[in-house]
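Chemist: give me a 3D structure for the following:
(chains A and B)
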Amino acid sequence: MPESAILLNAAALQRALTRIAHEIAERNEAGAEVVLVGIPLVGDQLAFRLGSLLSDLWKLTVPVGTLDVSMHRDDLDRRAAPTIHPTLMPFDVTGRTVVLVDDVLFTGRTTRAAMDALNDFGRPKQIQLAVLIDRGHRELPIRADFVGKNVPTTLTEKVRVRLDVPGQEDAVVLEK
Amino acid sequence: MSWNRKHLLDIESLTAEEILTVLDTAKAFKAVGERAIKKVPALRGKTVVNLFIEPSTRTRISFELAAQRLTADIVNFSADASSFKKGETLKDTARNLEALNADFIVIRHSASGAPHFLSRVVNASIINAGDGAHEHPTQALLDAFTIREHKTNIAGLNVTILGDILYSRVARSNIWALTKLGARVTLCGPSTLVPKTFEQMGCRVTHNVEEAIREADIIHLLRIQHERQRKTMFPGIGEYTSLFGLNQARLAKTRPDALIMHPGPVNRGVEIDSEIADCPRSLILEQVTNGLAVRMAVLFLLNGGKGPQEVA
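Modeler: Next up, the predicted model:
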């Protein structure tokens, strides 16, 4: 077992999501224009949670999609082929404000892939980025609009976000 | 779920888990084909060569489109237009293609084992698109994908393969794939073309077509391959059709949910009645659509490097 520390427990994680939802609502006055798009495997779960928080705030149903970005990655011939998860985009993104949702922002390469993948579904009016954890070490000029918690890390550490795992509390864990 | 192979040479050497990895990956690529923008940049900058030493239209076009939808460049190289007629060996041809920095060579050849040979002499990833009577792995994968879409689970299904088994690479690859995934496979056809030795591959062999298809969930018809037949082995077209062809009378005695598959090209009125080929129980055109998705998945998986899936 690697050494690990809890960065956010279940209550802190939910508080962070609630704050992000309020920030999204504050930034986007026209709630009806907003759609959330989560990146699997954890970002999509976060997107659905944010979607229900925002639906309560705005009193309207906020559409939530799932976007797998594996086919748009830039490291495909440098690693074993990734497992592709289903993409479900049950709405048109053209003219909408898309809030991309991911669990951890690290090098920024997943976000870049996601922006490319999103383009295949239409031309959003704007794209914003919400992440639960920003761990630094960016390799691309990308920053998040909404951040749950900034965590300084070393390159060898791993940040795991655990959501809805049966028998375990939700948590964000730093593995040394 | 992980894939660490460089080549796709046959089904025989794959594990059930690897087969399922291809099928799961293909699901995502089928969805790409249904979008307005049917192209993804996964193989941007890669070069695929279709090396078809034996004529083929649908498999070649399917690989061609698969490569294009992955943003790879593709070159077609066919036997009649090539230097084979001038006496160049397969090895030299492949080395020449490699000198052009081909990343993938999709090969169809009349000699069994030609793809395996190539994989030992060049650095490119080799995909077997049919070698003699040996294997046609992407066909078996697309067939398994199609069955899975309709029947969810392949394990426990009764699949009957009907026709010229002896000369069929499609049959061999399908037998490997289906038995690995837990299906019960029955082979049927004239005794000269369906010898009992196939029982060693874990199949049941029968020469009675009514009995073979009665309990089948899937009836898989093979094309009668005129080009591979020797006269002594084959009863003649008319006799074959009356003894083994799938007609309405025979279909009426099958399970109502039995589905019909055929790798194409179909000889209407020979192995299958024309109306049956077009009926709702026929999956023939779905097989074509799924073939594209499966070939995209194969190229995508083979493009992956060595080592763990997770980087950074």
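Chemist: so, low pLDDT: which residues of chain B?
Modeler: By pLDDT under 70, the low-scoring segments of chain B are B:1, B:81-83, B:226-231, B:307, B:311-312.
Chemist: tell me which residues are up against stretch B:71-86.
Modeler: B:39-55, B:60, B:63-64, B:67-68, B:88, B:93, B:97, B:100, B:102-104, B:299 (CB atoms under 8 Å, 6 or more residues apart in numbering or on different chains). Where you see a C-beta, it was placed from the backbone N, CA and C, and this is true even at glycine.
Chemist: show me the subset of the residues you listed that also lies near chain A.
Modeler: Among those, the residues lying close to chain A (CB under 8 Å from any CB of the partner chain) are B:39-43, B:46.
Chemist: the chain: strands as residue ranges?
Modeler: No chain was given, so I picked chain A. A:4-8, A:34-38, A:64-66, A:97-105, A:126-134, A:146-150, A:158-162, A:171-175 (DSSP state E).
Chemist: not quite, go with chain B.
Modeler: So, for chain B - with DSSP E - the strands run B:47-52, B:73-78, B:104-109, B:125-131, B:158-162, B:184-188, B:204-206, B:218-221, B:259-261.
Chemist: parallel or antiparallel, which strands does the second one pair with?
Modeler: The partner list of strand B:73-78 in its sheet, established with DSSP bridges, is strand B:47-52 (parallel).
Chemist: residue B:299 touches residue B:68, doesn't it?
Modeler: No: at 10.7 Å, residue B:299 does not count as touching residue B:68 under the criterion of CB atoms under 8 Å.
Chemist: those two: which has the busier surroundings?
Modeler: More crowded of residue B:299 and residue B:68, by other CB atoms under 10 Å in any protein chain shown: residue B:299, with 27 against 16.
Chemist: could you check how many residues crowd around residue 38?
Modeler: Since you didn't name a chain, this refers to chain A. Around residue A:38 there are 27 residues (other CB under 10 Å).
Chemist: that's the other chain; I wanted chain B
Modeler: Neighbours of residue B:38 (other CB under 10 Å): 14.
Chemist: got it, and the one 5 residues further on?
Modeler: Here the count is done by other CB under 10 Å, and residue B:43 has 27 residues near it.
Chemist: and stretch B:201-214, which residues are buried?
Modeler: The neighbour-count check on stretch B:201-214 (16 or more other CB atoms under 10 Å in any protein chain shown) flags B:203, B:205-207, B:209, B:212-214 as buried.
Chemist: same list, the residues you listed, but as TSV with distance to residue B:187 please.
Modeler: Formatted as TSV, the buried residues of stretch B:201-214 follow (distance: CB to CB, whole Å):
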residue	distance to residue B:187
B:203	5
B:205	5
B:206	8
B:207	10
B:209	11
B:212	8
B:213	12
B:214	15
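Chemist: looking at these, spot the one nearest chain A.
Modeler: When those are compared for distance to chain A (CB to the nearest CB), residue B:203 wins out at 31.7 Å.
Chemist: pLDDT weak spots in chain A?
Modeler: A:1.
Chemist: residue nearest the middle of chain A, spatially speaking?
Modeler: Nearest residue to the geometric centre of chain A (CA atoms, centre = their mean): residue A:102, 1.5 Å.
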